[in-house]
Every structure is written in C-alpha cells, then in structure tokens.
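Q: A predicted structure for the sequence below; I have some questions about it.
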Amino acid sequence: MKFEKINFKIEDDSDNVIKWFCKIYHKEYNSVLNELKDIKEELNLENYNNIEVYETYMKYRHTESIEINKNIKVNELNLPNGKYVILCYDENNNIHLSYLKNGLLYGNDDNSLNLKVSKVYKFNDLELYKDWFKNYSFFSDNTFVISEIDFLNKLTDILITNFEESMKYSFNDFKPLSKEELINLSQFYFDSHNIDLNINELIKNKNLILYDNVELKQDSFGMINDGNSNYIKENDKVVATMKLKNNTFDFLILVHELTHNRNQPKGKRNIVSDLLTESISYINEMIACKQMCDIEEQRKYYNILCKTIYFFAYNLRDIYKIINVYKKENDITLEAYNNCYDDSEYQKVMNSFDNYVESTRRIFKDSYYILGFVLAIYMFMEYIKDNDFFYKIEKLNDSINNLKFNDCLNIIGIKDLNDLINKFEVMAKEFKNYLFNSYSENKVKHTID
Ligand SMILES: [Zn+2]
C-alpha cells in the first residue's frame, strides 16, 4: 500500500472529517456541514460529530461498511481496487479518517499506515454516479447536457476528426507586450467597433483588475485559468480579473474577458446566456487577433485555439459516452455500454469518467465551452466572408439575457442545434482550409520576407 500525506489547511478549528468528505465527495465545506446537521436532527442526536451521523452521510452516497478482519493495522488491509473510507484509532483512542483509492492511501498523519482499523467503508461509484444523473446534480441542475447528448456527441466527433493534426503544434511564446500597450491595443479594438467601453475607467473603478507575476497552472484539460469575469454581489459590481503574461496573448484574453463583462447581467446569467456568452467572447478574441496581430502571431494563436478545441473534445468524448449509455439504457454497466457501443472500451471510458469526477470538472460548463468554440468558428467564417456580420454578433450580445435559445441562434443565421451541426460540418473544413491557405509555414515566412 502506498501513502500520500494530505495537509488540510489548519487556519481554523474546522472539522477534519468534513474536510475529508469535501475531498472525497467533491463538496463545499458548508454543504457537508449543513447536511451533517440535518442528519443529526433526523437521528435525534446531540452533536453532528458522531460516527452514526458520518455513517449516514456516507450511506446516502453509497459508501457502506464491509467485513474486515478485526485487529489489523491499515497497512495489513488487503482490498481489491476501488475506493474506500477507512476509520481508525491511534493509541490514545482518537478517531482518524483516511481514504484509500486503488492501493494509494491518503491520510493526514505520518503514522496513518500503522493505525488500528476500526471500520472500512466501500464506495459504490456506479450507484453514486446514477444518483447524480437522476437528480441532475452532475449537470449543474439543468437538463441541457442530457437532453442534447446526441448533439454534443456529434459535435465532439466533428471536432476530433477535423482538428486532430493541430496536436502537432507547440505552444510557442508570443511577442512581449507591456501593460500600457495591452490597454492601448484593446481600447483601439473596442473603439474600432464603436463599442462604448473605457478600459482606464474600468481599471480606476475596479471593474477590471490586472494581476502581475501570478503563477499560471494548467489543469487536467490543459487549460490555464488566466481570466475571469463575474458579478460580485457584495459590492454590486461586474468585475473582470486577469493574470498577465506580458505577451500578445494578454490582448486576446483581455478582449475575451471584457466581452463577457458586456453581457454580464447583475446577478447570475440564465441558462441561455451561460450557453452563449463564451461564443461571443471567443469570436471577439478571434476577430481581434485577425485585425490587430501580425501574421506570425495570428498563425500561433489560431493553431493554439484548434489544439485547445481538439484536446477539449477528445477528453469530453468518453464522458459524453457514459451519459449517452445512461440516457439510452438507464444504467451504467458493461452490458448497457455494449448495447450502445461495440468498441470494447467500457473500462477505459469508465476510468476517464472517474478521473473527470476526481478533477472536479463541470460537464455543463465544459459543454458550453465546446459550444462556444464551435459557434465562434462558424461566426468567424461568416465574418471573413462579410465584415458586416459583426453587427449580428453585436445583436447576439445584446440578446442572450432576454431571448430564447433558438431565437438567439436565429440572429446569426442558425435555425436550431441540428442546423448548427449541418453547417458546422462544412464550416470546420472551411476553417481548416482557411488556416492552411493563410498560415502554412512557408506562406508566413514568405509574407515576413
Ligand atoms: Zn470565457
């Protein structure tokens, strides 16, 4: 058995078991705490920090105790692959919790492996996943992903088929860009499209915060979170934040985030605006690059965009497969999988799904990113043919918080999601040809000479 020490932050006197439950079940601290308090009431107990309460919480998540040999130490446990919660005691009879996943023990005590085992609880992941699907918690409490799973499947297939070769591109460095140049360049972009927005004012009023020297990390999807845009309830403000890389890429991110700010209502977006805001930010980013960056920077940017889309679609494909199996068969078993796919990939696909859950990604959010990329490519090709298409993008931007989904799509010439699939099958190829004809290596060199 291998061991990895988990150090929870000890900045407060918060409950250690709750922190474990947060880690194991991917929950927020207060949501676990509130549910434990509810269970305490249900069971008529004095305190929530009680084994019976913890066991009930785990039982609700299909984690139930299994028979083990009595009086053994943690490192003497011999359990098949899977996920387990282990309850143990030290010599002073203090309770400790640890988490065992496929032979790797996570504990917060150096002595975790030598503690005496009291009880072992085994996860039934499949039952847990089915619960999440059934109550829509996996889908951020809306039905879009599960209702449109056929559409999302087709979309990822088109992206994977068309953009596989973009994986060969490396993420070359972009040209240096100072903060002052960044502000001027971005201001010029918005001014040139008669968009009423004053970046220096936004910075002064703290609606835009630019951070220098922040470490940027890639997540499990190879994405870097370099910017955000949100409505902040406490000070009733729409705020965009950005971590500067001090190169041309900052310009594209700033255009992206400020575009989000323009369609952020006070409070939460609705499901339609959630689904469409990324497309408007990406298309502005793409147009800004075409309009303001030199040809070498354009080549790098569009290739990186394709690589990002490909990677995203590739990773999501397995997740969509499981959702599809559940939707069609109302179950997630090998048999149900084989009824839908004849590729013998059940185990591989399930592993991808487990990893997806572990890395706490959100399928609804990932799906609106995919949709955003695709709509942006579609709009970009329309814009290339006729720059006046920009007015339609602006109209879309004005409409996403108050029109229905299909009415928004109609503004940019798409009837519904089926129509989008048909058009995108053509557009993806056109976009690829456009990139090849405009930015093939020789062509770029030639233009620079
Ligand atoms: Zn965005």
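A: Good, I have the coordinates.

Q: where in the stretch 101-250 of the chain is pLDDT low?
A: 169-172, 222 (pLDDT under 70).

Q: show me what contacts Ser281?
A: When contacts are counted by C-beta atoms under 8 Å, 6 or more residues apart in numbering, Ser281 touches Val255, His256, Glu257, Thr259, His260, Gly372. Every C-beta, even on glycine, is put in place using the N, C-alpha and C of the backbone.

Q: just the element for it, please.
A: Assigned by DSSP states H and E, Ser281 belongs to helix 271-292.

Q: that helix: how far from the chain's middle?
A: 17 Å (C-alpha atoms, centre = their mean, to the nearest Å).

Q: list the buried residues for it?
A: For helix 271-292, the neighbour count (16 or more other C-beta atoms under 10 Å) marks 271-290, 292 as buried.

Q: could you do stretch 417-432 as well?
A: Per 16+ other C-beta under 10 Å, stretch 417-432 contains these buried residues: Leu417, Leu420, Ile421, Lys423, Phe424, Met427, Ala428, Glu430, Phe431, Lys432.

Q: next: stretch 160-167.
A: Here stretch 160-167 shows Asn162, Phe163, Ser166 as buried, counting by 16+ other C-beta under 10 Å.

Q: same question, stretch 60-79
A: Arg61, His62, Thr63, Ile68, Val74, Leu77, Leu79.

Q: and the contacts of it?
A: 1, 25, 55, 58, 85-86, 88, 98, 100, 105, 107, 112-117, 119-125, 127-128, 131.

Q: repeat for stretch 201-210
A: With C-beta under 8 Å, 6+ apart, stretch 201-210 has contacts from 179, 182-183, 199, 237-242, 244, 257-258, 261.

Q: which among those residues end up buried?
A: Leu182, Ile183, Ile199, Val238, Val239, Ala240, Met242, Leu244, Glu257, Leu258, Asn261.

Q: give me every residue that touches the first one.
A: This points to Leu182. Leu182 sits next to Leu210, Leu244, Asp250, Phe251, Leu254 when contact means C-beta under 8 Å, 6+ apart.

Q: pretty sure the fourth one contacts Gln291?
A: No - taking C-beta atoms under 8 Å as the contact criterion, Phe251 and Gln291 are not neighbours in contact, 10.8 Å apart.

Q: need the residues touching each of the two.
A: With C-beta under 8 Å, 6+ apart, Phe251 and Gln291 have common neighbours Tyr189.

Q: picking up where we left off before, for the buried residues of stretch 417-432, work out which two are farthest apart.
A: Farthest pair in these (C-beta to C-beta) is Leu417 and Lys432. Separation: 22.0 Å.

Q: now Leu45, what's its secondary structure?
A: coil (DSSP: H, G, I helix; E, B strand; the rest coil).

Q: so what's it up against?
A: Here Leu45 is in contact with Glu52, Val53 (criterion: C-beta under 8 Å, 6+ apart).

Q: what values do phi and psi take at it?
A: Phi and psi for Leu45, reported as degrees, to the nearest 10, are phi -110, psi 160.

Q: measure it to the ion for me?
A: 46 Å (C-beta to the ion, to the nearest Å).

Q: where does Ile146 fall, secondary structure wise?
A: helix 144-147.

Q: and that helix, C-alpha only, in PDB?
A: Extracted C-alpha coordinates of helix 144-147, given in PDB (Å, rounded to 0.1, in the frame of the first residue of the first chain):
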ATOM      1  CA  PHE A 144     -29.200  20.700 -21.400                       C
ATOM      2  CA  VAL A 145     -26.400  18.200 -21.500                       C
ATOM      3  CA  ILE A 146     -28.500  15.100 -21.100                       C
ATOM      4  CA  SER A 147     -31.300  16.300 -23.500                       C
END
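
Q: residue in the stretch 1-150 of the chain with the shortest distance to the ion?
A: Ser140 (16.1 Å; C-beta to the ion).

Q: any idea how far that residue is from Met427?
A: 28 Å (C-beta to C-beta, to the nearest Å).

Q: could you confirm Tyr231 falls within a strand?
A: Yes - assessed with three-state DSSP, Tyr231 lies in a strand.

Q: so it makes contact with Ala240?
A: No - the criterion here is C-beta under 8 Å, and Tyr231 misses it with Ala240 at 10.8 Å.

Q: scan the chain for its longest helix.
A: Ranked by number of residues, the top helix in the chain under DSSP state H is helix 295-329.

Q: returning to what we had before: any chance of the buried ones among the contacts of stretch 201-210 in JSON lines with secondary structure as columns?
A: Formatted as JSON lines, the buried ones among the contacts of stretch 201-210 follow (three-state DSSP):
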{"residue": "Leu182", "secondary structure": "helix"}
{"residue": "Ile183", "secondary structure": "helix"}
{"residue": "Ile199", "secondary structure": "helix"}
{"residue": "Val238", "secondary structure": "strand"}
{"residue": "Val239", "secondary structure": "strand"}
{"residue": "Ala240", "secondary structure": "strand"}
{"residue": "Met242", "secondary structure": "strand"}
{"residue": "Leu244", "secondary structure": "coil"}
{"residue": "Glu257", "secondary structure": "helix"}
{"residue": "Leu258", "secondary structure": "helix"}
{"residue": "Asn261", "secondary structure": "helix"}
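
Q: that older thread, are any of the contacts of stretch 60-79 buried, and which?
A: Applying 16+ other C-beta under 10 Å to those flags 25, 55, 58, 85-86, 88, 98, 100, 105, 107, 112-113, 115-117, 120-123, 125, 128 as buried.

Q: so which of the buried residues of helix 271-292 reach the ion?
A: Among the buried residues of helix 271-292, the residues lying close to the ion (C-beta under 5 Å from the ion) are Glu278, Ser281.

Q: run through the residues that contact Glu257.
A: Leu208, Gly227, Asn228, Ser229, Ala240, Thr241, Met242, Ser281.

Q: which one is the fourth one nearest to, not counting chain neighbours?
A: Think Ser229. Excluding its sequence neighbours, the residue lying closest to Ser229 (C-beta to C-beta, 6 or more residues apart in numbering) is His260, at 3.7 Å.
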